[in-house]
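Colleague: Fold the following for me, if possible:
(one chain, ligands or ions: 1)
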Amino acid sequence: MNEIDENVLRVRGREWQAFGQRKKARFVESAFHYWRSTGFPHYELGRQEIAREYRNLSRQPVAAIQETGVAGSTTGLRLANYFQPHMWSVRVSRYLSPHEVFHNDMMLRAAIHRSWTIWPDRYGANPATLRRMLKTYPGTASVSNFRPTVARSVLHHFSQDSDTVLDFSAGYGGRLLGALSMKRQYIGIEPCTPQVTGLRSMLTSMTEQGASGSGEILAGCAEDVMRLLPQSMAHLIFSSPPYFNWERYSDEESQSFIKYSTYEDWKQGFLEPVICQSMRILKKGGKFAVNISGGRRKPDASDVREIGSAAGFRYIGCIPLLITRVPYLHPRNDVPHKPEAILLFEKV
Ligand SMILES: C[S@@+](CC[C@H](N)C(=O)[O-])C[C@H]1O[C@@H](n2cnc3c(N)ncnc32)[C@H](O)[C@@H]1O
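Modeller: This next block holds a predicted model:
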């Protein structure tokens, strides 16, 4: 087999598992050389695929928000991620990033081997499967985007056509994409330079697609930029602030976990001002929806509730986000969902 033979991408796990040891190793080596010469398997979407993904998202029925929570499909996620290639190199806590695993020769070989071993039905070395494997390789963790379908559900339930929606930590554009697929005027604030580039590029691309909504991205720190925004300008404030220092989105000074290195300083310097400014910027009767990661990660729901109430918000409740876990990673864990949630408040 030629060292950079594309055929290796069309071998399923089952087929590979039937090979003898030497042939298996040869295929792993061949896939390894293919990916070394091609580079990281970033999403690649052509104009037609972008148009199709956008259409699918905007036609998707809006998911109900129930007592048990809100579950959104992954429609639109690939499109949002496509504009944020930087996501793959972000460090989460002490874990390796998918980018680091890919660029380590030993780990890349092991990742390909593992992929063919655990997924008999998949093409183990193709871009989609390799991305999945790099995200879930032992000792690795990656950041995730906010599901555009869940964003649509929140936007549908808590805002109306032509409303202004403010997102003070715009992240990887899941909420921007959701808003653009509906008639909303989205304003996002984000300090991370590569993310701002990706968000603006999504905006241009979706505008070319004839997006229903409009948007604007303000580059900077929420705690500074929000002070400059007019009072009562937003009908809904909906965001996913950093999980303190759990995810290290970039090493720029503007990152809140770098500006405020202890959790107490972070609460005082970032979280409190942002929540207080939200109170000022939101119209009366408007909702304030904050995504938290839950579990052991900061900020604690109780801190957000306490600061929200002190700022004058009425706490409405917690909407669990029913995001399924990757089953093979959690064989002994009965909890099928991540502990993420949206805390919902109202300006009365
Ligand atoms: C939870 S993450 C976003 C990832 C997330 N899952 C999403 O919604 O796409 C939080 C975001 O806050 C941004 N951030 C960090 N410091 C900030 C600051 N001072 N002001 C506003 N946003 C900040 C990070 O760059 C990151 O994009």
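
Colleague: neighbours around residue 60, how many?
Modeller: Neighbourhood size, residue 60 [other Cβ atoms under 10 Å]: 17. Heads up, the C-betas are built off the backbone N, CA and C, glycines and all.

Colleague: Sticking with the closest residue to the ligand within the chain, tell me its helix or strand.
Modeller: Nearest residue of the chain to the ligand, counting by Cβ to the nearest ligand atom: residue 171, 2.4 Å away. Residue 171 belongs to no helix or strand when assigned by DSSP states H and E.

Colleague: That one: neighbouring residues, count only.
Modeller: Residues lying near residue 171 (other Cβ under 10 Å) number 27.

Colleague: likewise residue 52?
Modeller: Residues near residue 52, counting by other Cβ under 10 Å: 13.

Colleague: got a list of contacts for stretch 304-319?
Modeller: The contact list for stretch 304-319, computed with Cβ atoms under 8 Å, 6 or more residues apart in numbering, reads 65, 69-70, 267, 271-272, 275-276, 278-279, 287-288, 290, 292, 301, 341-348.

Colleague: With stretch 212-224 instead?
Modeller: 58, 168-170, 176, 179-191, 193, 196, 199-200, 203, 207, 225, 241, 254, 256, 259, 269-270, 273-274, 277.

Colleague: filter the residues you listed to the buried ones?
Modeller: The neighbour count (16 or more other Cβ atoms under 10 Å) marks 58, 168-170, 176, 179-191, 196, 199-200, 203, 225, 241, 254, 256, 269-270, 273-274, 277 as buried among the contacts of stretch 212-224.

Colleague: Please narrow those to those residing in helices.
Modeller: Per DSSP state H, helices hold the following members of those: 58, 176, 179-180, 196, 199-200, 203, 225, 256, 273-274, 277.

Colleague: The ligand next: which of these are close?
Modeller: Restricting these to those near the ligand by Cβ under 6 Å from any ligand atom leaves residue 256.

Colleague: now for the ones in helices among the buried ones among the contacts of stretch 212-224, which pair is the farthest apart?
Modeller: In those, two members sit farther apart than any others by Cβ to Cβ. They are 58 and 273, at 34.9 Å.

Colleague: At which residues are the strands of the stretch 1-150 of the chain located?
Modeller: 91-92 (DSSP state E, counting those that start in this stretch).

Colleague: got the residues of it near the ligand?
Modeller: Residues of the stretch 1-150 of the chain found near the ligand (Cβ under 6 Å from any ligand atom) are 143, 144, 145, 146.

Colleague: count of neighbours near the last one?
Modeller: Residue neighbour count, defined by other Cβ under 10 Å, stands at 28 for residue 146.
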